[in-house]
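Visitor: Sequence first, predicted model second:
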Amino acid sequence: ACPFGADPLSQRKVKTGGRMRILITNDDGINAPGLVTLTKIAKDLAGPDGEVWTVAPAFEQSGVGHCISYTHPMINAKLAERRYAVEGSPADCVLAGVYDVLDGAKPDLILSGVNRGNNSAENVLYSGTIGAAMEAALHGIPAIALSQYMGRETEGLDDPFEAAATHGAAVIRALLEKGVWTGDDYRVFYNINFPPCAAAAVKGHKVAAQGFRRDTSFGVQPYTAPSGKRFLWIKGGPQHTPTLPGTDAAVNLDGYISITPLRCDLTAHDLLADLEARLA
């Protein structure tokens, strides 16, 4: 069961030993190679007596953010023991996993990923990988999103997820044992990004704020089909543009694993008092 109690602001410890139940999902889809990596990480964490349950999108759901299928039903298909595919978003998968597959018995931990590509900087706001962790946090469940930055160095590896596969379990275990896990309404969850390099080249980890890639953004690319119909492709910006020093993408590009604490609360708390005074 979820280890959190009713005390809203105190720091909590997450269950790390004994019979640990972990739910995993992603936004790249049930057949994505990153999910294979995450399964191995989760089994390492859960231990021989633990349980790892997979509930992932039937098809790729990259870029859907925290979308839920509010206006239409979903199919939740059992593929194997403790393995399900949902025709919906990553957040849908969390809901289906907790309240259908596990019948309301909240897992000790929800892991989302390992995403193919970084979810640093502004990508956080678009990511279905983050959306799943966000949904988990809203239900009071400890949650961590994991993403593998890709680049020239990872392209030459037999396993482009090597950094995540090698260092993932240790970083998560450290977070579970020593991280800040709050019990307030908008609970803390974590975003981990592994650098675009071989596992042996990883320099360590750094706690980093969410950055912002300046002079780059999403846009559209027009395309005319042979039929004459005009379409628009969404086009991303350069992913190797550094963010400010010390922020997530910057430390990733410098060879470090970034660990970023996040909340679902979007309020600009630093502006509340000033805005109240201005409008008085």
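Guide: Received, thanks.
Visitor: can you give me the strands for the stretch 101-250 of the chain?
Guide: 109-116, 143-148, 181-182, 189-194, 204-207, 219-224, 230-235 (DSSP state E, counting those that start in this stretch).
Visitor: ok, the residue lying closest to Met20 once chain neighbours are set aside - contacts?
Guide: Using CB to CB, 6 or more residues apart in numbering and skipping residues adjacent in sequence, the residue nearest Met20 is Gly50, 4.2 Å away. All C-beta spots, glycine's among them, are computed from the backbone N, C-alpha and C. With contact set as CB atoms under 8 Å, 6 or more residues apart in numbering, Gly50 has these partners: Arg19, Met20, Arg21, Ile22, Lys43.
Visitor: burial count for Leu146?
Guide: Using other CB atoms under 10 Å, Leu146 has 29 neighbouring residues.
Visitor: Could you report the pLDDT at the residue nearest to it when sequence neighbours are not counted?
Guide: In space, Leu146 comes closest to Gly113 once its chain neighbours are excluded; the distance is 3.5 Å by CB to CB, 6+ apart. Listed pLDDT for Gly113 reads 97.
Visitor: before we move on, what about Glu276?
Guide: For Glu276, pLDDT reads 98.
Visitor: That one: which element?
Guide: Glu276 is part of helix 272-279, with elements assigned from DSSP states H and E.
Visitor: for the stretch 151-280 of the chain, what spans make up the helices?
Guide: For the stretch 151-280 of the chain, the helices defined by DSSP state H, counting those that start in this stretch occupy 152-155, 162-178, 248-253, 272-279.
Visitor: elements contacting the longest one?
Guide: Using 3 or more CB pairs under 8 Å, 6 or more residues apart in numbering; DSSP states H and E as the contact definition, the elements that helix 162-178 packs against are helix 33-46, strand 109-116, strand 143-148, strand 189-194, strand 256-262.
Visitor: mind checking how far the first one is from the chain centre?
Guide: With CA atoms, centre = their mean, to the nearest Å as the basis, helix 33-46 stands 14 Å off its chain's centre.
Visitor: can you state the direction angle for that helix and strand 109-116?
Guide: Angle of helix 33-46 versus strand 109-116, following axes from the mean of the first three to the mean of the last three CA atoms, to 10 degrees, is 150 degrees.
Visitor: Burial check on the closest residue to Asn118 other than its chain neighbours, number of neighbours?
Guide: Closest residue to Asn118 apart from its sequence neighbours, by CB to CB, 6+ apart: Tyr149 at 4.1 Å. Residues lying near Tyr149 (other CB under 10 Å) number 28.
Visitor: ok, now Ala201?
Guide: That count, for Ala201 with other CB under 10 Å as the rule, works out to 12.
Visitor: Phi and psi next, for the nearest residue to it once chain neighbours are set aside.
Guide: In this structure, Ala201 finds its nearest non-sequential neighbour in Gly255, 6.1 Å apart by CB to CB, 6+ apart. Dihedral pair for Gly255: phi 100, psi 10, per degrees, to the nearest 10.
Visitor: for the stretch 101-250 of the chain, what are the low-confidence residue spans?
Guide: In the prediction, the stretch 101-250 of the chain carries no residues with pLDDT under 70.
Visitor: before we move on, the earlier item: tell me which of the helices of the stretch 151-280 of the chain lies nearest to Asn193.
Guide: Closest to Asn193 of the helices of the stretch 151-280 of the chain is helix 248-253 (CB to CB; 5.2 Å).
Visitor: hmm, back to that, columns distance to Ala165 on top of the helices and strands packed on helix 162-178, output as CSV?
Guide: CSV is the format used below for the helices and strands packed on helix 162-178 (distance: least, CB to CB, whole Å):
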stretch, distance to Ala165
helix 33-46, 5
strand 109-116, 8
strand 143-148, 9
strand 189-194, 9
strand 256-262, 13
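Visitor: got the contact list for the residue lying closest to Leu253 once chain neighbours are set aside?
Guide: Of all residues not flanking Leu253 in the chain, Pro242 sits nearest, at 5.6 Å (CB to CB, 6+ apart). Neighbour list for Pro242: Ala249, Ala250, Leu253 [criterion: CB under 8 Å, 6+ apart].
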